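Q: curious how this folds, go ahead:
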Amino acid sequence: MLLGGAAVGVGAAGVAAWDELSRWWWRVPGNDKPRTPGAVDYRGAEWVAAASANWRRGDRPDDYTVDRVIIHVVQGSYAVALKVFRDPGHGAATHYVVRGGDGHVAQCVRELDVAFHAGNRAYNERSVGIEHEGFVDRPRDFTDVMYASSARLTADICARHDIPLDREHIIGHHEVPGADHTDPGRHWDWDRYLRLVRAAAKEAAEAGARGSGRPGESGGPSASAEPSGG
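A: The predicted structure is shown next:
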């Protein structure tokens, strides 16, 4: 039960009501966070907007804490993924799509917003979804450059949202409660992927430390690495 029955006092009910109201404050005209058309959350990504019917406007992480990255596989091409995400009748989209041949990244939904990708409302609200070009039964589709690019993207997302780099928080679509999908499938190499994510996170942190000008360190690139082909 949401409110614990008659045992809940007026004070608790008031707190619950205020919490619910605070989650919807962005619906009030003039209260949206500033949004720049075409701006991306991940440097190097290309903005390819999904149809507005395939996601819900939000104010994450203020309205919903983001604590998961969910890995998907298209069951088709990069171009097909972008095409269906632009179709308002499709009813779904991920935040990002990673191309197999060169690791290029498209962003389709802002991380502020709730993308319809997990098949579970609570997981949609708490996660960032990444789609990968290819088919679950064709291991050759999971190229080295795709793994590396996706790992940099996931490491960057996790750094910005303070998400642990482990299998409890970086999961497959098939692991979402109630999901009827099998992606990314048995050929997705989770051990390899987590190693790459952690290595990318370490590299970005070291680059950030160099760029901060700490004693004994020289300047370096931004902590947000660009994907291949971006």
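Q: for the helix or strand where residue 83 lies, what is the distance to the chain centroid?
A: Counting by DSSP states H and E, the element that carries residue 83 is helix 78-85. Centre-to-centre, helix 78-85 and its host chain are 17 Å apart (C-alpha atoms, centre = their mean, to the nearest Å).
Q: packing partners of it?
A: With contacts taken as 3 or more C-beta pairs under 8 Å, 6 or more residues apart in numbering; DSSP states H and E, helix 78-85 sits against strand 96-98. Every residue, glycine included, has its C-beta placed from N, CA and C.
Q: contact partners of the strand it packs on?
A: Contacting residues not belonging to strand 96-98 are listed as 42, 45, 48, 74, 78, 81-82, 85, 104-108, 128-133, 146, 149-150, 153, 227 [C-beta atoms under 8 Å, 6 or more residues apart in numbering].
Q: tell me which residues of it come out buried.
A: Of the residues in strand 96-98, 96-98 count as buried by neighbour count, 16 or more other C-beta atoms under 10 Å.
Q: and the helix holding residue 83, what's buried?
A: 78, 81-82, 84-85.
Q: could you give me the average pLDDT of that helix?
A: Averaging pLDDT along helix 78-85 gives 98.
Q: following the lowest-mean-pLDDT helix or strand in the chain in sequence, what is the next regular element?
A: Sorted by mean pLDDT, DSSP states H and E, the helices and strands of the chain end with helix 10-22, the least confident at a mean of 48. From helix 10-22 onward toward the C-terminus, using DSSP H and E, the following helix or strand is strand 46-47.
Q: report all helices and strands that that following strand contacts.
A: Using 3+ C-beta pairs under 8 Å, 6+ apart, strand 46-47 is in contact with strand 105-107.
Q: the strand it packs on pairs with which strands, and in what direction?
A: Strand 105-107 has the following sheet partners, assigned by DSSP bridges: strand 46-47 (parallel), strand 96-98 (antiparallel).
Q: and the nearest residue to residue 86 once chain neighbours are set aside, how many residues sit next to it?
A: Among residues not flanking residue 86 along the chain, residue 51 sits closest, at 5.5 Å (C-beta to C-beta, 6 or more residues apart in numbering). Other residues near residue 51 come to 16 when the count uses other C-beta atoms under 10 Å.
Q: contacting residues around residue 51?
A: 85-88, 90, 93.
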